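Asks: based on what follows, work out the 3D shape:
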Amino acid sequence: MSSSQRRTIVNRRAFLADAARAAGGAALLTGALAAGRAYSAPGRKPNVIVIYTDDQGSIDTNLFGANDLVTPNLDALARRGVRFTQFYAPSPVCSPSRAGLMTGRYPVRAGTAGNCPSEEGQPGMPTTEITMAEMLKAAGYATGQVGKWHLGYSPDTMPNAQGFDYSFGHMGGCIDNYSHFFYWRGPNRHDLHENGEEVFRDGEFFPDLMVDAAGRFIEQHRNEPFFLYFAMNQPHYPYQGEADWLAYYREKGVAYPRDLYAAFISTLDERIGALLAKLDELGLREDTIVVFQSDHGHSTEERAHFGGGNAGPYRGAKFSMFEGGIRIPAAISWPGHLPEGEVRGQLGHGCDWLPTIAELCGVAPPDTHLDGVSLAPVVKSADAPSPHGAVHWQMGLGEKAQWAVRDGDWKLIGNPRDTSGKAEITESDKLFLSNLAEDIGEMTNLAGDHPEVVERLRRLHEEWIASM
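Replies: Numbers count the residues shown, from 1 in each chain. Down below sits the predicted model:
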């Protein structure tokens with residue numbers, strides 16, 4: 001497919017989406033009926049799909065602010081629902097972020113303060129944790145995991161032992177998308193599994209394999225409520241966007257390494273479009289809650305060509321507690337049941353999705369301490385207050401762990417790390433205080449000017465970590 005053909009498809013999809021919205025969704029509904037819609041039985045609970053992208057920067061869709069990106073499918077998803085402008089990942093690194101999503105608990109409480117091993121046989125998130133899949137399975141849902149896991153590589157910590165009926169993807173942190181070998185550190189190890197068994201699909205593009213596996217799962221369970229965790233490994237390195245997208249961005253003059261990253265983002269966007277098209281094909285879109293979130297900020301690691309992602313006005317990136325590491329794009333869509341085309345500025349957090357989904361689906365949340373709170377009132381009404389008081393993060397354990405606490409507009413970071421390289425961190429910045437209402441870029445440390453605020457927030461952190 002040429003880049004000009006792809007652009008034509010993108011424009012046509014955008015036109016059809018606009019036309020459907022203008023008609024109040026009637027065109028899509030008519031198409032679904034004509035295709036033989038899988039009607040819900042009376043009282044059937046909604047399906048749930050959680051789309052979790054990997055290393056996607058704070059503003060890296062067109063609708064969220066990256067005007068140089070072509071992301072019509074992510075944009076359409078957000079327009080058919082509610083998007084957040086102050087949404088936070090549970091952690092600025094992969095495994096803890098996923099643990100927070102899966103359990104509704106702060107990663108430290110969930111026993112996952114850092115990345116899980118990517119070696120076969122190694123454990124991960126404690127098996128005592130109750131996952132979103134276990135919660136929904138107990139309520140009668142079929143449950144599927146497709147994509148990146150990175151929460152354990154032993155039989156008792158892999159997806160099939162953590163509440164998922166079906167699993168397809170890689171268990172470690174990253175793979176080459178064609179050979180499916182672990183990418184980060186040698187020796188090279190093949191990592192592609194289906195229901196716990198190693199499978200070989202050499203030369204096939206992993207994002208396409210994900211779409212195929214997800215489509216089969218949806219087809220199989222179209223007449224019963226299902227939960228699909230669609231955990232993409234994009235745009236995590238290695239950057240392997242399709243050649244025509246790379247040519248498109250280079251023709252537009254997008255500089256290296258943004259061109260590599262942008263091509264991978266648009267490649268990702270098309271796969272999300274294919275996933276959502278399957279729902280439309282089966283007439284399931286209005287029966288399905290779709291959640292979208294990045295796991296944390298973009299990577300500036302050497303393997304990521306030292307960047308490519310965009311944090312917009314925010315300082316920091318992956319591995320950093322500055323906003324660019326933890327403030328991420330997020331949206332929820334359930335056409336016909338939740339508002340569409342609306343924006344929320346209230347604070348939300350990745351741990352909130354589990355209780356939010358529990359409330360929207362009418363299922364019982366786990367009988368354990370949850371740190372997340374339901375965002376359903378906020379999603380339904382722009383006037384609802386944020387349900388959060390102080391919000392906490394910590395990556396790692398011990399005195400040198402990086403941590404942060406936000407309370408209102410004040411945010412205190414302990415042992416900060418600036419992976420965006422915007423400014424040097426000095427010894428005097430060991431405690432870094434910002435007022436986000438006045439300095440969204442967190443460029444000025446106010447700790448010396450407001451010692452009483454520093455002490456209050458530091459005490460909040462100490463009390464919180466003691467409660468873990």
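
Asks: contact partners for Asp259?
Replies: Counting by C-beta atoms under 8 Å, 6 or more residues apart in numbering, Asp259 touches 246, 249-250. Heads up, the C-betas are built off the backbone N, CA and C, glycines and all.

Asks: how about 6 Å then?
Replies: Applying C-beta atoms under 6 Å, 6 or more residues apart in numbering to Asp259 gives the contacts 249-250.

Asks: what does Met468 give?
Replies: Neighbour list for Met468: 108-109 [criterion: C-beta under 6 Å, 6+ apart].

Asks: just for the protein, where's the confidence low?
Replies: Across the chain, residues meeting the criterion (pLDDT under 70) sit at 1-42.

Asks: just the CA trace of the longest helix along it, in CSV.
Replies: Ranked by number of residues, the top helix in the chain under DSSP state H is helix 258-281. The C-alpha coordinates for helix 258-281 follow below in CSV (Å, rounded to 0.1, in the frame of the first residue of the first chain):
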residue,chain,number,x,y,z
ARG,A,258,10.5,11.9,15.6
ASP,A,259,10.0,10.4,12.1
LEU,A,260,10.6,6.9,13.4
TYR,A,261,8.4,7.4,16.4
ALA,A,262,5.6,9.1,14.4
ALA,A,263,5.6,6.2,11.8
PHE,A,264,5.2,3.7,14.6
ILE,A,265,2.4,5.8,16.2
SER,A,266,0.4,5.9,13.0
THR,A,267,1.0,2.2,12.5
LEU,A,268,-0.4,1.7,16.0
ASP,A,269,-3.4,3.9,15.2
GLU,A,270,-4.3,1.8,12.2
ARG,A,271,-4.3,-1.4,14.4
ILE,A,272,-6.6,0.3,16.9
GLY,A,273,-8.8,1.2,14.0
ALA,A,274,-8.9,-2.4,12.9
LEU,A,275,-9.9,-3.5,16.4
LEU,A,276,-12.7,-1.0,16.6
ALA,A,277,-13.9,-1.9,13.1
LYS,A,278,-14.4,-5.5,14.3
LEU,A,279,-16.8,-4.2,17.0
ASP,A,280,-18.7,-2.2,14.3
GLU,A,281,-18.7,-5.2,12.0
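
Asks: just the helices from the stretch 101-250 of the chain, written as ranges.
Replies: Taking DSSP state H, counting those that start in this stretch, the helices of the stretch 101-250 of the chain run over residues 132-138, 206-220, 243-251.

Asks: may I have stretch 195-205 exported as PDB, CA atoms only?
Replies: The C-alpha trace of stretch 195-205 is given here as PDB (Å, rounded to 0.1, in the frame of the first residue of the first chain):
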ATOM      1  CA  ASN A 195      -2.200 -19.700  26.600                       C
ATOM      2  CA  GLY A 196       1.100 -20.300  28.200                       C
ATOM      3  CA  GLU A 197       2.700 -22.300  25.400                       C
ATOM      4  CA  GLU A 198       5.500 -21.000  23.200                       C
ATOM      5  CA  VAL A 199       4.300 -20.400  19.600                       C
ATOM      6  CA  PHE A 200       6.300 -19.400  16.500                       C
ATOM      7  CA  ARG A 201       5.100 -16.900  13.900                       C
ATOM      8  CA  ASP A 202       8.500 -15.900  12.500                       C
ATOM      9  CA  GLY A 203       8.300 -12.900  10.100                       C
ATOM     10  CA  GLU A 204       4.800 -11.900  10.900                       C
ATOM     11  CA  PHE A 205       4.200  -8.400  12.200                       C
END
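
Asks: returning to what we had before: redo the helices of the stretch 101-250 of the chain as a markdown table? Include mean neighbour count.
Replies: Converted to a markdown table, those look like this (neighbours: other C-beta atoms under 10 Å):
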| stretch | mean neighbour count |
| --- | --- |
| helix 132-138 | 21 |
| helix 206-220 | 19 |
| helix 243-251 | 18 |
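
Asks: nearest to His369, of these?
Replies: helix 132-138 (14.4 Å; C-beta to C-beta).

Asks: quick one on the thing from earlier: in TSV: the helices of the stretch 101-250 of the chain, plus distance to His305.
Replies: Listed next are the helices of the stretch 101-250 of the chain as TSV, based on distance: least, C-beta to C-beta, whole Å:
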stretch	distance to His305
helix 132-138	33
helix 206-220	19
helix 243-251	13
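
Asks: pull the number of nearby residues for Phe200.
Replies: The number of residues packed near Phe200 is 10, by other C-beta atoms under 10 Å.

Asks: closest to Gly362 out of the helices of the stretch 101-250 of the chain?
Replies: Comparing the helices of the stretch 101-250 of the chain by C-beta to C-beta, helix 132-138 comes nearest, at 11.3 Å.
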